[in-house]
Structure formats: C-alpha cells, structure tokens
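In: Make a model of this:
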Amino acid sequence: MKRVMIIGQPGSGKSTLARALGEITGLPVVHVDLIHWMPGWEERPKPEKIEMALAEEAKPEWIFEGGLSATWDNRLARADTLIVLDMPFLLRVWRVFKRTIRDYGRSRADLPEDCPEQFDPEFWAWIWNTRNTARARIRAMATAALETKDVYHLRSPADVRGFLHELETVYA
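Out: Here you go, the predicted structure:
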C-alpha cells in the first residue's frame, strides 16, 4: 500500500479516513479540497487544479482523498489501492450537518485558510442532486478496478473501524 485513492460522497468520512491512514502508514495525505479551493472559498481555475492534482499523483507515495473527477483515471491508474466509502445517505447528511455546526466560522484542516465552515444551500442541493448518480459512478469505478487494484468497499462506520484495526496490526 503506497498509493491510496479514497473516494466517496460528502460526509462519507474521506478526510477522516485519510488522516487515520496517514498516521498508521506514514504516507503523505493529499486533500482535494486544498487543491480545489483557494482562500475565501474561491474556486481555483480548473486547469490549475488539474495540474496540481497530476503533480501530486506523480509522486511515489500518497493517500489522495476526494473528488476532482477530471484526474480520476490518472489517479486510479497510479493507485495500488482504492477505498470506496459508500455510507448511507442519512448518515452522510447528519455528518455534514454536524461538522457545519461544530466548525461553523472556522476553516477545517482539510481546507485552505479563510474558508470558514458555513451553511451553503448550493452544497446541500448538490449533495441531494448527486446522491444516486455519484454513487453509481463510484461503484462502477470500484467494480472496474477489482482486477488490478486492492479495492476496499466500506459501507458503514463499523467497516471503517475494522479496516483501520486490521491495518494497525499490519503496520504495528
């Protein structure tokens, strides 16, 4: 496990899992939100995002969590491990709501400075509108990757805890 791609929908636990994996394995963690956003919730231009992501993906080791589907094919080709976080919709909504309340007005560690957590109706609409299409796309990617990658399809917090526990025994 040297290049790990973590994908899932908002609130699935990508950032949290990436940090935990980084602690266990010592691999560097890349958060897509740090590539996607600039300070002040300004979206980085797409060509610049792609260039930054490809530069990270070219490195020999990483845990890369998040979207930016424009580079998914390259990232998956480079990855040796794919982790799909496929959590239930209501759990994901609850997690996004909880982190919004918890971190309201502050920037999270996986976001650039001056990107304070906020209630964003567009983000909530996107979560709702992509709840089925994004899930289907992610599952299709995981199915296709089974032949050449180590694929972990984690569907619950208990699955994640079990996965991390197994890794801790390997890396102990």
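In: When you work out contacts or count neighbours from here on, use the C-alpha atoms and nothing else.
Out: Fine.
In: all strands for the chain, in order.
Out: Using DSSP state E, the strands found in the chain span residues 3-8, 29-31, 37-38, 42-43, 62-65, 81-85, 150-154.
In: what lines up beside the second one in the sheet?
Out: Here strand 29-31 is paired, per DSSP bridges, with strand 62-65 (parallel).
In: what's in contact with the partner strand?
Out: 2-7, 14-15, 18, 21-22, 27-32, 56-57 (Cα atoms under 8 Å, 6 or more residues apart in numbering).
In: Kindly format the C-alpha coordinates of that strand as PDB.
Out: In PDB, the C-alpha atoms belonging to strand 62-65 read as follows (Å, rounded to 0.1, in the frame of the first residue of the first chain):
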ATOM      1  CA  TRP A  62       0.300   9.200  -1.300                       C
ATOM      2  CA  ILE A  63      -3.100   8.900   0.200                       C
ATOM      3  CA  PHE A  64      -5.300  11.000  -2.100                       C
ATOM      4  CA  GLU A  65      -8.800  11.700  -0.900                       C
END
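In: Run the chain-centre distance for it.
Out: 8 Å (Cα atoms, centre = their mean, to the nearest Å).
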